[in-house]
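Chemist: starting from these lines, generate the structure:
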Amino acid sequence: MRFLNSNDFNNFDSNDKFINECSGLYGASNGIDYQLGRYKNLYSIHSGVCSDYANVLAFSSPGRIEVCGNHTDHNNGKVLCASISVDTVALVTPLEANTITVASLGYPPVVVNIDDLDPNTSEHGKSEALVRGVCAYFKKAGFNIGGFYATTTSDVFKGAGVSSSACFEVLVAEILNVLYNNSKIDALTKAYAAHHAEFIHFGKPCGLLDQSAIAIGGVSYIDFEDNTSPKVEGIDWHFDDDVDIILVNCGGDHCGLTSQYASIRSEMEDVANVYGKKALRSCDKDTFYNDIPDLQAKVSGRAILRGIHFFEENDRVDIAAHAVREDNISSFLDMINASGDSSYKLLQNCYPESDRTMRIPLALALSKRICGSDGGIRVHGGGFAGTMIAYVPKNYTTDMVDTLSKVFGSDNVFVISIRNSGAKMLAI
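Modeler: Residues are numbered from 1 along each chain as shown. Take a look at the predicted model:
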């Protein structure tokens, strides 16, 4: 591998490799001038810490979105997710000492002694736990670990459900992969390491969706039928000329909503329990529909509706994945709209109980008024108080952004694109 130095960063403006990398990573959403300044500024800060840090490697780890498959993974269902054009960038210098330091701009440095890899409850919710957890997984799996100093900057925006924590975890895994494992570790293994860090060390129960999308890149099709070994497939995205992607942080307070999020899973499991199963994926779809007259006496009506959503959403994920593989934008948008409609009416996660602000429904209504059925619009992620995503033909983008910015604030409306690479070292 070739380390970059001050001459490289001084000449980035004429570095075709850097410009090509930026085109692939960021598309048109974050222009080359912005990236040039971003990387040069980061190098100035990193190399200024110590003269030994003048030689670096550059890494990028993206955020992610949920494309289709709303609230299916927790019942062993199917999902589509994707890496996107916002990222955390790290400039890294390896160290002989068994210490990892991550200095993120705007935050105190994270310092971890990698001779001690045991989970520590005092680190729950802290970045130290994520670094330690990735190293612990690598060590247990027989991979090499070692020290490094990293300076990072991130434009993975907070509050819009694009998973900044998984972005950080997978970044650490990729740095260790390149520095100490000859880049031989596959994307899914890095995702497992990141998931272990968040679940065991960070103390946050989570699935594998976020980490897989960020490690693999492009659109990821994930089938969680076997939760211990999900089937994961990366799919290249070729719809950039067809649609822009708009993500809207609709606001709302998540406090007090834990029971409403949990009820989606528990009510789906109520239906599964009727058949002696733990998750809906283990139940037969046709049997479920035939039994609805009798199910009414055993579970709530909402549980039945959420069961319908689960079975139909799994089918939509398969159709949407096929549409992406075949570059069929019309079929893809149909599935996104159908997913959004089902989440609204059957899953019922577009507004909390007794809510009067209706932030997500308002965003959906305004978006549909602008582009009608020409775009694909749905709730993004968990719902209730959260995010809307829209895939819209480019001639609608300006009107959509202007309209939604007036209601939700310009700092809560993002135009993004899907990038076809996961976390990686930049070949510049």
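Chemist: and the helices in the stretch 151-300 of the chain, which stretches?
Modeler: 164-180, 187-196, 209-216, 258-274, 285-290, 292-295 (DSSP state H, counting those that start in this stretch).
Chemist: show me what the fifth one is packed up against.
Modeler: Meaning helix 285-290. helix 301-325 (3 or more C-beta pairs under 8 Å, 6 or more residues apart in numbering; DSSP states H and E). Where C-beta positions appear, they are placed from N, C-alpha and C, glycine not excepted.
Chemist: what's the first helix or strand after the helix it packs on?
Modeler: helix 329-342 (DSSP states H and E).
Chemist: elements contacting that next one?
Modeler: Counting contacts by 3+ C-beta pairs under 8 Å, 6+ apart, helix 329-342 is packed against strand 57-68, helix 301-325, strand 376-380, strand 387-393.
Chemist: let's see 6 Å
Modeler: Judged by 3 or more C-beta pairs under 6 Å, 6 or more residues apart in numbering; DSSP states H and E, helix 329-342 is in contact with helix 301-325, strand 376-380.
Chemist: most neighbours per residue, which of those?
Modeler: Highest mean neighbour count of the helices and strands packed on helix 329-342: strand 376-380, a mean of 26 (counted as mean count of other C-beta atoms under 10 Å).
Chemist: show me where pLDDT drops low in the stretch 101-250 of the chain?
Modeler: 159-160 (pLDDT under 70).
Chemist: who's in contact with L95?
Modeler: Counting by C-beta atoms under 6 Å, 6 or more residues apart in numbering, L95 touches G147, F148, Y149.
Chemist: okay, now the sheet partners of the helix or strand where the last one lies, with direction.
Modeler: Secondary-structure assignment from DSSP H and E places Y149 in strand 147-154. Using DSSP bridges, the strands paired with strand 147-154 in its sheet are strand 78-95 (antiparallel), strand 99-104 (parallel).
Chemist: what angle sits between the last one and helix 164-180?
Modeler: I take that to be strand 99-104. 130 degrees (axes from the mean of the first three to the mean of the last three C-alpha atoms, to 10 degrees).
Chemist: contacts for the helix or strand just after strand 99-104, please.
Modeler: Using DSSP H and E, the helix or strand that follows strand 99-104 in sequence is strand 110-113. Under the contact criterion C-beta under 6 Å, 6+ apart, strand 110-113 has outside partners T99, I100, T101, V102, S127, E128, V131, R132.
Chemist: rewinding a little: JSON lines for the contacts of L95, including neighbour count and distance to L95?
Modeler: What follows is the contacts of L95, written out as JSON lines (neighbours: other C-beta atoms under 10 Å; distance: C-beta to C-beta, whole Å):
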{"residue": "G147", "neighbour count": "18", "distance to L95": "4"}
{"residue": "F148", "neighbour count": "23", "distance to L95": "6"}
{"residue": "Y149", "neighbour count": "23", "distance to L95": "6"}
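Chemist: would you mind giving those residues as JSON lines with distance to D8 added?
Modeler: As requested, the contacts of L95 are arranged in JSON lines below (distance: C-beta to C-beta, whole Å):
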{"residue": "G147", "distance to D8": "23"}
{"residue": "F148", "distance to D8": "19"}
{"residue": "Y149", "distance to D8": "18"}
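Chemist: picking up where we left off before, of all the strands paired with strand 147-154, which lies closest to D240?
Modeler: Evaluated over these, closeness to D240 peaks at strand 78-95, with 10.0 Å, by C-beta to C-beta.
Chemist: and the angle from the closest one to helix 329-342?
Modeler: For strand 78-95 against helix 329-342, the angle by the same axes, to 10 degrees is 100 degrees.
Chemist: what separates strand 78-95 from the chain centre, distance-wise?
Modeler: Averaged C-alpha coordinates place strand 78-95 at 9 Å from its chain's average position (C-alpha atoms, centre = their mean, to the nearest Å).
Chemist: got the angle for it vs helix 209-216?
Modeler: Using the same axes, to 10 degrees: strand 78-95 against helix 209-216 is 60 degrees.
Chemist: and strand 78-95, average pLDDT?
Modeler: For strand 78-95, mean pLDDT is 96.
Chemist: state the pLDDT value of the residue most central in space within the chain.
Modeler: Ranked by distance to the mean C-alpha position of the chain (C-alpha atoms, centre = their mean), the top residue is R64 at 2.6 Å. With respect to pLDDT, R64 scores 94.
Chemist: adjust the sequence numbering to begin at 42 for everything that follows.
Modeler: Sure, I'll start counting at 42 from here, so that last one is R105.
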